[in-house]
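Q: Starting from these lines, generate the structure:
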Amino acid sequence: MIELTRAAYDDIVYRAYGGGEAEICGVLAGTHGTDGDPSVVTRTYEAENVAETPQIRYLIDPEEQLELIERAEADGLDVVGFYHSHPTGPTHPSETDAARATWPEHSYVICALDGYPFVGSWRWRGDDDGFEQETVAVRSER
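A: So this is what the prediction gives:
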């Protein structure tokens, strides 16, 4: 399970709408859940999509990704995973998404905009099992 604060959820959805036909992307930070505990996303860090075909792919520049991870850690947060959009759906990872996943036991959140916006999440297992769908919960901030 992954929990997103209302602000983090809204950031992802609004950015996805603002991206138009291009996929948007970034880093998710908060508390990384292990041993059955949910991950909790309290902050998103926006990244530039540097893919050659941003309408159907996303790519975070490795240097920018490292900078965003260092910012999250400096803010006292764990990297929970990554997010991107699929402007024409669906919310499950594409074959390319699966092939490029490199963070075992981290979440990959996808916002689909084909109709009503929907946010799905998948945890990459780092083995032949690939991705496992996670329940997404949005919680009010306390």
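Q: Now do the contacts for residue 38.
A: Under the criterion of C-beta atoms under 8 Å, 6 or more residues apart in numbering, the neighbours of residue 38 are 1, 2, 3, 137. Bear in mind the C-beta positions are built from the backbone N, C-alpha and C, glycine included.
Q: Could you rerun that using 7 Å?
A: 1, 2, 3 (C-beta atoms under 7 Å, 6 or more residues apart in numbering).
Q: The second one: neighbouring residues, count only.
A: Spelled out, that is residue 2. A total of 24 residues lie near residue 2 under the criterion other C-beta atoms under 10 Å.
Q: same question, the first one
A: Burial of residue 1 is recorded as 15 neighbouring residues (other C-beta under 10 Å).
Q: Please name the spatially closest residue to it (chain neighbours excluded).
A: Nearest in space to residue 1, with sequence neighbours left out and distances taken as C-beta to C-beta, 6 or more residues apart in numbering, is residue 38 at 3.9 Å.
Q: per-residue confidence at that neighbour?
A: Among the per-residue scores, residue 38 holds a pLDDT of 90.
Q: So, low pLDDT: which residues of the protein?
A: For the chain, applying pLDDT under 70 flags the ranges 116-117, 128-129, 141-142.
Q: Nearest residue to the middle of it?
A: residue 83 (1.8 Å; C-alpha atoms, centre = their mean).
Q: Just confirm it is within a strand.
A: Yes. Judged by DSSP: H, G, I helix; E, B strand; the rest coil, residue 83 forms part of a strand.
Q: Count residues in the vicinity of the nearest residue to it once chain neighbours are set aside, would you?
A: By the measure of C-beta to C-beta, 6+ apart, the closest residue to residue 83 outside its immediate chain neighbours is residue 109, 4.0 Å from it. Burial of residue 109, expressed as a neighbour count using other C-beta under 10 Å, amounts to 26.
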